[in-house]
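K.L.:
need a 3D model of the sequence below.
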Amino acid sequence: MSIPAGYPVERAGVEYGCRCGQRRPLTHLYFCRHCLHLRCPYCISHEVDSLYCANCLENMPSSEARLKKNRCGSCFDCPSCFHTLSTRATSIQTKHSSAKDEPKTDAKPDSKVDPKAPKKMYYLSCFNCRWTSRDVGMPDQPVATGGWPEQTSIYSQRISQLQDHYKALALQEKQSKLEKERKKFIMSGKYMTLTDKIGLTSAMARARVTGSSSLITTGDGAPIAGPATPNANPNDLPADIFTKEVNLKYVTNMEQRLIQPEYQPATVDKLFPSAKQLFIKRSQRCRQCDHNVTKPEYNPGSIKFKIQLFAYYHIPEIRIISCEPLKSGKSSCLVLKLSNPTGHETFINLQALAIEATVTPEETSEEVKPENEEIKSRSQEIDNEFAKMEITCNAKLVPPEEKLCLPQRDDASEYVEDTHNYNDDTKVVVWRKSNKLAVKMEVVPDDNLTAGDDVCVGCVLSYTYTNTVASTPRAPSTHTVSLNVYLHLGKAVEE
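P.N.:
Next up, the predicted model:
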């Protein structure tokens, strides 16, 4: 599996542990309010809500998008620089038509149109690289939208025949598997379907006949072309291929060829505009409880969400403010900033994480059910580079013993004087403002560290989460949620 888009290769400063064993920054995680667990991109399922064009913002049903090969019918991309093409108008002078060629009309003589009046025509142009549809000989169109000629591939008929052939093969294999299952039930005296009891239908009899024959046919009996076979005698290369001087101005690059795989133009005079690909709006669900984690608005012009359960809005954020030089076996001062993004007061307790514990602990809340086997099997399918993200904690953290109280988030607190009065220990809490505070603690790297080694320390973050899901009609419920946090403090220095 490839690296997810937007995920940095290097380790972030602070990472949170998902239930499946993955580590991600807080902005790359989701939080399910129903099962009270962190969810990484591998622990959620994706659903396509709508398809739309990003240029004209036109919604398209899935059936229509499938027929149009997930492309818009009125918007095009530049084949040279891949920017969106614009429609430009031009005027041409029409020829004076004779009286015989003029159509008969009942209009009055005063309302006649001047035959010498200029006619407006339209063509496609790119404002980035100045490519136009006239460069490849495409005729101008009398209307601004639609009507642009489409290229026809010489292999389209052959590709459709191959698709029908392999669809018939897949259907034949599926029928053979069903026949084996039916025989097992018939031998035991049980019938799987009604056809096993009363006999074969005409469709099943035809499928048996076609399956026994070497020629595969369609439903109407028309034969389908056989599978693709390699050509033993390919076309010879031109005689001057190694001696002819190549002008790179007229030769397409690899990206321009692969953007149109059905044609793959070799020269720039064969670059035709390609229809713009459709975008999708997707909703995401938790794989365990099957509840929505994110759900956008149906309107393609809206960027709002109906459901927006990003972890950044539900889990306290931890940031590294400062850290003294890390020396092996010696204590260093670490200052962290904690912030509460929710609208309810929360209590935070930091605990040291054992060095051997590299997987998220199972104990989080007594009301939360354990993970199902689907998440575990899903995590095993991930590539080894991400499935085995073993982080070795080579330092010991000495967290504060007391609980830290964080008030709710208030956007107006920046303009109003803070009236909260907490009896904080000045040796632990450095400063406090609104829903944020800075806490000071000690970190001790291991004795076997050398200069240049990365120092990582882990801790368990326990906080009270106020669930606003309508589980009880009286008041929202409060839960204690625990999760693992890994702090990458930098590199060790010499003593």
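K.L.:
now the helices for the stretch 301-450 of the chain?
P.N.:
When assigned using DSSP state H, counting those that start in this stretch, the helices of the stretch 301-450 of the chain occupy the ranges 373-380, 384-387.
K.L.:
in terms of mean pLDDT, which of those helices ranks lowest?
P.N.:
Of all the helices of the stretch 301-450 of the chain, the segment with the smallest mean pLDDT is helix 384-387, scoring a mean of 40.
K.L.:
what about I259, how many neighbours?
P.N.:
Here the count is done by other Cβ atoms under 10 Å, and I259 has 18 residues near it. (Glycine included, C-beta is placed from N, CA and C.)
K.L.:
that one against F82, yeah?
P.N.:
Yes. Taking contact to mean Cβ atoms under 8 Å, the distance of 6.7 Å between I259 and F82 places them in contact.
K.L.:
for P341, give me its contacts.
P.N.:
Neighbour list for P341: Y312, Y313, H314, I315, P316, E317, R409, N435 [criterion: Cβ atoms under 8 Å, 6 or more residues apart in numbering].
K.L.:
Produce a ChimeraX select command limited to the buried residues of those.
P.N.:
To isolate the buried ones among those in ChimeraX, judged by 16 or more other Cβ atoms under 10 Å, type:
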select :314,315,316,317,409,435
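K.L.:
helices and strands of this structure: which one has the lowest mean pLDDT?
P.N.:
Lowest on mean pLDDT, DSSP states H and E among the helices and strands of the chain sits helix 384-387, with a mean of 40.
K.L.:
okay, now the domains of this protein?
P.N.:
When the chain is parsed with automatic domain parsing, its domains come out as 14-28+315-414+423-491, 154-225.
K.L.:
quick one: the helices in the stretch 151-300 of the chain?
P.N.:
The residue ranges that make up the helices of the stretch 151-300 of the chain, judged by DSSP H, counting those that start in this stretch, are 156-187, 194-198, 202-212, 254-258.
K.L.:
now the longest one: how far from the chain's centre is it?
P.N.:
Going back to what we said before, that points to helix 156-187. Computed by Cα atoms, centre = their mean, to the nearest Å, the chain-centroid distance of helix 156-187 equals 32 Å.
K.L.:
what separation do you get for D447 and S328?
P.N.:
Relative to S328, D447 is positioned 6 Å away (Cβ to Cβ, to the nearest Å).
K.L.:
likewise for D236?
P.N.:
When D236 is compared with S328 (using Cβ to Cβ), they lie 69 Å apart.
K.L.:
who has more neighbours out of the two?
P.N.:
With other Cβ under 10 Å as the criterion, D236 and S328 differ in neighbour count, and S328 comes out ahead with 20 against 7.
K.L.:
any idea how many residues pack against the nearest residue to the more buried one once chain neighbours are set aside?
P.N.:
Once its chain neighbours are removed from consideration, S328 has its nearest residue in L449; the separation is 4.0 Å (Cβ to Cβ, 6 or more residues apart in numbering). With neighbours defined by other Cβ under 10 Å, the count for L449 comes to 19.
K.L.:
what does G343 give?
P.N.:
A count of nearby residues for G343, using other Cβ under 10 Å, gives 12.
K.L.:
I'd say it and R409 touch.
P.N.:
Yes. In this structure, G343 is within contact of R409 by Cβ under 8 Å, at 6.1 Å.
K.L.:
check contacts around the nearest residue to D453 once chain neighbours are set aside.
P.N.:
With sequence-adjacent residues excluded and distances taken as Cβ to Cβ, 6+ apart, D453 is closest to A492, at 4.9 Å. Contacts of A492 were listed using Cβ under 8 Å, 6+ apart, and they are L326, K327, S328, P445, L449, T450, A451, G452, D453, D454, V455.
K.L.:
pLDDT on stretch 429-447, on average?
P.N.:
Average pLDDT, stretch 429-447: 89.
K.L.:
ok so, going back, looking at the contacts of A492, which are in strands?
P.N.:
When DSSP state E is applied, these are split such that P445, D454, V455 fall in strands.
K.L.:
out of the residues you listed, who's nearest K427?
P.N.:
K427 has its nearest neighbour among the ones in strands among the contacts of A492 in P445, at 21.9 Å by Cβ to Cβ.
K.L.:
wait, the residue nearest to S328 touches N394, no?
P.N.:
Yes. With contacts counted by Cβ under 8 Å, L449 reaches N394, the gap being 6.2 Å.
K.L.:
what sits in contact with each of those two?
P.N.:
Overlap between the neighbourhoods of L449 and N394 consists of V455, taking contacts as Cβ under 8 Å, 6+ apart.
K.L.:
for burial, what's the neighbour tally of N394?
P.N.:
N394 has 17 neighbours, counted by other Cβ under 10 Å.
K.L.:
how about it: what's its closest non-neighbour residue?
P.N.:
Taking Cβ to Cβ, 6+ apart as the measure, N394 lies nearest to D446, with 4.8 Å between them; neighbours along the chain are not counted.
K.L.:
show me the contacts for the residue nearest to P142 when sequence neighbours are not counted.
P.N.:
Spatial nearest neighbour of P142, chain neighbours left out: M121 (6.2 Å); criterion: Cβ to Cβ, 6+ apart. Each residue near M121 by Cβ under 8 Å, 6+ apart is listed here: A89, T90, S91, I92, D140, Q141, P142.
K.L.:
if we use 10 Å, what do you get?
P.N.:
For M121, the residues meeting the contact criterion (Cβ atoms under 10 Å, 6 or more residues apart in numbering) are R88, A89, T90, S91, I92, P139, D140, Q141, P142, V143, A144.
K.L.:
ranges for the helices of the stretch 1-150 of the chain?
P.N.:
For the stretch 1-150 of the chain, the helices defined by DSSP H, counting those that start in this stretch occupy 62-67.
K.L.:
so where's it uncertain?
P.N.:
For the stretch 1-150 of the chain, the stretches flagged by pLDDT under 70 are 1-12, 94-116.
K.L.:
how about the strands of it, start to end?
P.N.:
Here the stretch 1-150 of the chain has its strands, by DSSP state E, counting those that start in this stretch, at 14-17, 23-24, 30-32, 37-39, 44-52, 59-60, 71-77, 86-93, 118-125.
K.L.:
nearest to K276, out of these?
P.N.:
With distances scored as Cβ to Cβ, the stretch of these nearest to K276 is strand 71-77 (4.1 Å).
K.L.:
which strands and helices sit next to that closest one?
P.N.:
strand 59-60, helix 62-67, strand 86-93, strand 274-277 (3 or more Cβ pairs under 10 Å, 6 or more residues apart in numbering; DSSP states H and E).
K.L.:
angle of that strand against strand 118-125?
P.N.:
Between the axis of strand 71-77 and that of strand 118-125 there is an angle of 90 degrees, by axes from the mean of the first three to the mean of the last three Cα atoms, to 10 degrees.
K.L.:
contacting residues around strand 71-77?
P.N.:
Strand 71-77 is touched from outside by 51-56, 58, 60, 64-65, 83-87, 124, 126, 133, 144-148, 150, 259, 272-279, with contacts defined as Cβ under 10 Å, 6+ apart.
K.L.:
likewise for stretch 248-264?
P.N.:
Stretch 248-264 is touched from outside by 69, 77-82, 151-156, 159, 265-274, with contacts defined as Cβ under 10 Å, 6+ apart.
K.L.:
please indicate which of these are buried?
P.N.:
By neighbour count, with 16+ other Cβ under 10 Å, these hold D77, C78, P79, S80, P265, V268, L271, F272, P273, S274 as buried.
K.L.:
not counting its neighbours along the chain, what's nearest the fourth one?
P.N.:
Ranked by Cβ to Cβ, 6+ apart and with sequence neighbours excluded, the top spatial neighbour of S80 is W131, at 4.6 Å.
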